[in-house]
Each structure stands twice: as C-alpha cells, then as structure tokens.
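*Asks:* Output the structure for:
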Amino acid sequence: MSNETVLYSSEASSQYTAIQYGGLSDQGKVRKKNEDSFGLFPQQGLFFVADGVGGMPAGDIASMLITQVLPELLLQRIAEPELLTSKELIDRLKQAIIDLSNRIRLQSQNRPEYAGMGSTLALALLTKNKCYIANLGDSRIYLHKNNQLHQLSIDHTLVHHLLTNDLINEEEALHHPGKNQLVQYVGMQRSPIPDVICLPRTAGDQLLLCSDGLTDMLSESEINHYLMKVIPAEKKCQALVKAANLAGGKDNVTVVIVS
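*Replies:* I've put the predicted structure just below:
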C-alpha cells in the first residue's frame, strides 16, 4: 500500500503509458480503529479499496488479507491480460474474486477470533486499452469524465435491492434501516456474484474508488468539485479525506484515484 503519486511505464504496453495515481486511508473522527485497506499495484494495473464489514469481527483483518491475497490470485489467473479477450478476462476476474471470498471465509472458519469476518471490494484493473472494474459490497467506483461524475459500481445493499424492485422510493431509502446492510461482500457464506464491467481507457478520464466513509459524508457534487481540481492525484485524495472528516468523519475514509 502507498499514498505516493507516481508515473509508471506499463510492462503490458508496447508504448509508454503514463498513469497518475494516489491512495489515502484515514480512521475518521469517530471510529476507534481503521478497518479499511487499499492496494496500489501499478505493475499489474491493479488498484482497489477494501472496507472491513462494520459490526463483524476482525473487519480490519479481512480487508488487510485482501491486500495480501488478491494480487497473487490475479497473477495466477490473469498473467498476460493482453492475450485474453474481454469476455475471458471478465470471467477470470470474477473467478479470482470468488476464490478470494472463499479463502477469506475459510480463514474465518478456521480461526474462532475471525468468525464472520468480511469486507467490501472495489477494484480497477487496467490493461493497455481497457479498464475492468469489479465490486462486492457498498464501496464505490466512479468515473470522472468531462467534468462529470458517473457511478459505475452497484451498491450490494438491501436498500438498493428494495429500490430496484420498486419496494421503496428514493425518499424512504434515505432513512431505511437497511441502508448499510450488505447482501454481497467478500467472505460471505455462499459464493458471491461480483459485478464486472469493461470500458475503454481514455486520456483525461479519472477513476475514483472509495469506501462509504467518503460517500456518506460528501455528496456527488462535492466529490466532483475536488476531482475537477488541476492538482496531483495524491493531493485530491488528501483533499477528499479532509473534507469528509470536516463533514463529520463518522466512518473510516479511504480514497484511491487513478487518472
């Protein structure tokens, strides 16, 4: 993990590709410990945020295990992404996330102190021309394009399920007790069904990966304000975390930006 902003030359590309990225995680103003983690692995084109599931034991252990296990699992299944079709890569990425979830679940079953642990996952995997995003839980992935913010990920929460099935309306969703109740996450008892999509890489676009400690404190218009600034990715991460804490900092806050 790192909070540095650097440029790198992708080994998977035949020509120089510059990517600026940054990441930052903060305990916030209320929580007693930080259960978030993030991963920056530019040589793999891999960036992710993991948020230990609140209210479950060892959430911090679950998110930390993701940073240790996920890069290796992806290397095993996607060693040479340029040789795969988009469908093949999506299938392998889904299976790697399922393997990760099963491994976290086995850890929780083998260690009584880890019983029931789990974590969200918001992931971006970059190849030469494309970007693959995947998620489980309510950590989010946004695309900032042409000064506008677009949510790419789907919240795997009870409230989102009720909304999409027209069982509650938008106003009821704001105060529903199931707002943060996850229906899918890494380490769940059954095998998860991760959402994975593919989009083209376009110069000037930014990806934002974040835990709900950011999105619960700041509106999308406020987040967009900081992403529009012409400053390094690391500085944007710092500004967003600071703004979330000034707004109350009720949860751990983790931000990764790739541009």
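*Asks:* as a whole number, average confidence for stretch 118-130?
*Replies:* Mean per-residue pLDDT for stretch 118-130: 95.
*Asks:* now do the same end-to-end measure for it.
*Replies:* Counting by Cα to Cα, to the nearest Å, the length from the leading to the trailing residue of stretch 118-130 is 29 Å.
*Asks:* Show me which residues of that stretch are buried.
*Replies:* In terms of neighbour count (16 or more other Cβ atoms under 10 Å), stretch 118-130 has its buried residues at Gly118, Ser119, Thr120, Leu121, Ala122, Leu123, Ala124, Leu125, Leu126, Thr127, Lys130. Bear in mind the C-beta positions are built from the backbone N, C-alpha and C, glycine included.
*Asks:* ok, and the closest non-adjacent residue to the first one?
*Replies:* To tie it back to what came earlier, the one meant is Gly118. What sits nearest to Gly118 in space, not counting adjacent residues and going by Cβ to Cβ, 6 or more residues apart in numbering, is Gly187, at 3.6 Å.
*Asks:* Make sure the one you found is actually in contact with Gln109.
*Replies:* No: here Gly187 does not reach Gln109: they are 10.0 Å apart, not a contact under Cβ atoms under 8 Å.
*Asks:* what about the stretch 101-250 of the chain, any weak spots by pLDDT?
*Replies:* 160-161, 163-179 (pLDDT under 70).
*Asks:* now the helices for it?
*Replies:* Ranges of helices in the stretch 101-250 of the chain, per DSSP state H, counting those that start in this stretch, are 158-164, 170-174, 212-215, 220-227, 233-246.
*Asks:* Gly187 and Gln109: which is more packed in?
*Replies:* Gly187 (29 against 12; other Cβ atoms under 10 Å).
*Asks:* Run through the residues that contact that one.
*Replies:* Val53, Ala62, Ser101, Ile104, Arg105, Ser108, Met117, Gly118, Ser119 (Cβ atoms under 8 Å, 6 or more residues apart in numbering).
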